[in-house]
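Undergrad: Any chance you can model this:
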Amino acid sequence: MKPILPFVIAGLLAAPLAAQDSADTASIPAPDSIVIEGNDVDLKQFKWEKRPLVVFADSPSDPQFIRQMELLTNELPALIERDVVILTDTDPEAQSALRKQLRPRGFMLALVVKDGTIYLRKPVPWDVREISRTIDKLPMREQEIEERRGLPD
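TA: Numbering: from 1, shown residues only. Here you go, the predicted structure:
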């Protein structure tokens with residue numbers, strides 16, 4: 001009976017810490033909640049709902065792709081606040097609908113606004129601060145901010 005007692009005490013002491021850790025991580029969105037593999041995605045499904053941020057590369061090992069995804073996943077709350085969904089496509093051989101529509105050459109970052117317009121294309125990684133500033137200047141985003149504040153038109 002004595003050998004079990006330390007394990008029981010350790011389990012009782014660890015339970016509150018585990019509960020606190022799960023409560024802390026519950027407020028942080030999982031990266032896969034807004035990051036979607038873009039091979040079978042149609043941009044039309046996001047129209048008027050989300051702002052697709054499409055990240056293309058010729059391989060998931062592309063250093064620019066890896067850097068871009070690090071920048072994005074480190075700042076997910078700012079992107080979620082702006083209704084961004086991240087679509088990735090690292091397989092040029094698959095010739096996805098996204099590739100046919102946006103025609104990337106190697107690494108490319110593209111921002112599509114809620115009305116379906118391709119607003120921005122970048123051949124290098126961009127950090128979330130730059131992306132957020134660009135989105136915040138959009139008329140629809142300004143309207144969203146005003147509505148959240150409760151200001152009249």
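Undergrad: what's the next secondary structure element after the helix or strand of the chain with the lowest mean pLDDT?
TA: Least confident helix or strand of the chain, by mean pLDDT, DSSP states H and E, is helix 5-26 with a mean of 42. If you walk from helix 5-26 toward the C-terminus, the next helix or strand you reach (DSSP states H and E) is strand 35-37.
Undergrad: That following strand pairs with which strands, and in what direction?
TA: According to DSSP bridges, strand 35-37 forms sheet pairs with strand 84-89 (parallel).
Undergrad: Name the residues that touch the partner strand?
TA: Residues lying outside strand 84-89 but in contact with it, judged by Cβ atoms under 8 Å, 6 or more residues apart in numbering, are 34-39, 41, 46, 50-57, 65, 69, 72, 79, 96, 98-99, 104, 131, 135. In short, each C-beta sits where N, CA and C put it, glycine included.
Undergrad: list the buried ones in the helix or strand where residue 148 lies?
TA: Element membership for residue 148 (DSSP H and E) is helix 139-149. By neighbour count, and taking 16 or more other Cβ atoms under 10 Å as the criterion, the buried residues in helix 139-149 are 141, 144.
Undergrad: from memory residue 135 sits against residue 53, does it?
TA: No: Residue 135 lies out of contact with residue 53 (Cβ atoms under 8 Å); the separation is 9.1 Å.
Undergrad: Next, show the common contact partners of those two.
TA: By the contact definition Cβ under 8 Å, 6+ apart, residue 135 and residue 53 are jointly contacted by 84, 111.
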